[in-house]
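S.K.: Let me see the structure of the following:
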Amino acid sequence: MKYGSFMLLLMLAASCGYFETEKVSSEEIYKEELETINWSEVDRYPSFPGCDTIIEKPAQKACFINTVQTQLYETIDQGNLVATRKIYDTLNVNFEISNSGEISILQIKMDTVLQKEFPNLETWLLQSIDSLKLSAPAYKRGVPVKTRFVLPIIVETN
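M.R.: Here you go, the predicted structure:
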């Protein structure tokens, strides 16, 4: 019996090492968390007044893109563009939305044919983007973040 009690006591003493917990510093937790975050995606897309109540991310993005595209196409239509030849071309509008919700155009990439046919097109697009008012910027983990977008715009004449 003494031998059994001694073995039991020895096993308990030896197994205490298995119950120790490893202490993890807050810095290590922070580094691990940063590695798991996908920085190329946002939790909530920038929104316009008509898109505020949308909860699903794909629908938020679609509403945001559709609002910007609609504004740009309306601007192009109001310009009554008249071309000397048939044109079917795509221009890319690169823009940024700051974490405070300000929209700024970084670049408008268009072919030289479009620039020659419609010399005021770039100015109209700049004014059109400037007239847009966001209700909220994009959010990542509850924090407003800066986002960049490239929006293709198709210009077609008859």
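
S.K.: what about the biggest helix by length in the chain, average pLDDT?
M.R.: The helix that spans the most residues within the chain, counting by DSSP state H, is helix 57-78. Confidence for helix 57-78, expressed as mean pLDDT, is 89.

S.K.: tell me the angle the helix or strand that that helix is followed by makes with helix 57-78.
M.R.: Going down the chain from helix 57-78, the next helix or strand is strand 88-97, by DSSP states H and E. With axes from the mean of the first three to the mean of the last three Cα atoms, to 10 degrees defining the directions, strand 88-97 sits at 120 degrees from helix 57-78.

S.K.: just use 58 as the starting number from now, easier for me
M.R.: That works, and once the first residue is 58, the last one we named lands at strand 145-154.

S.K.: which other residues reach strand 145-154?
M.R.: 103, 129, 160-168, 170-171, 178, 182, 186, 191, 194-195, 203-214 (Cβ atoms under 8 Å, 6 or more residues apart in numbering). The C-beta positions use only the backbone N, C-alpha and C, and glycine is treated the same way.

S.K.: what sits against residue 163?
M.R.: Applying Cβ under 8 Å, 6+ apart, the residues near residue 163 are 151-153, 205.

S.K.: and with 10 Å instead?
M.R.: 150-153, 205-207 (Cβ atoms under 10 Å, 6 or more residues apart in numbering).
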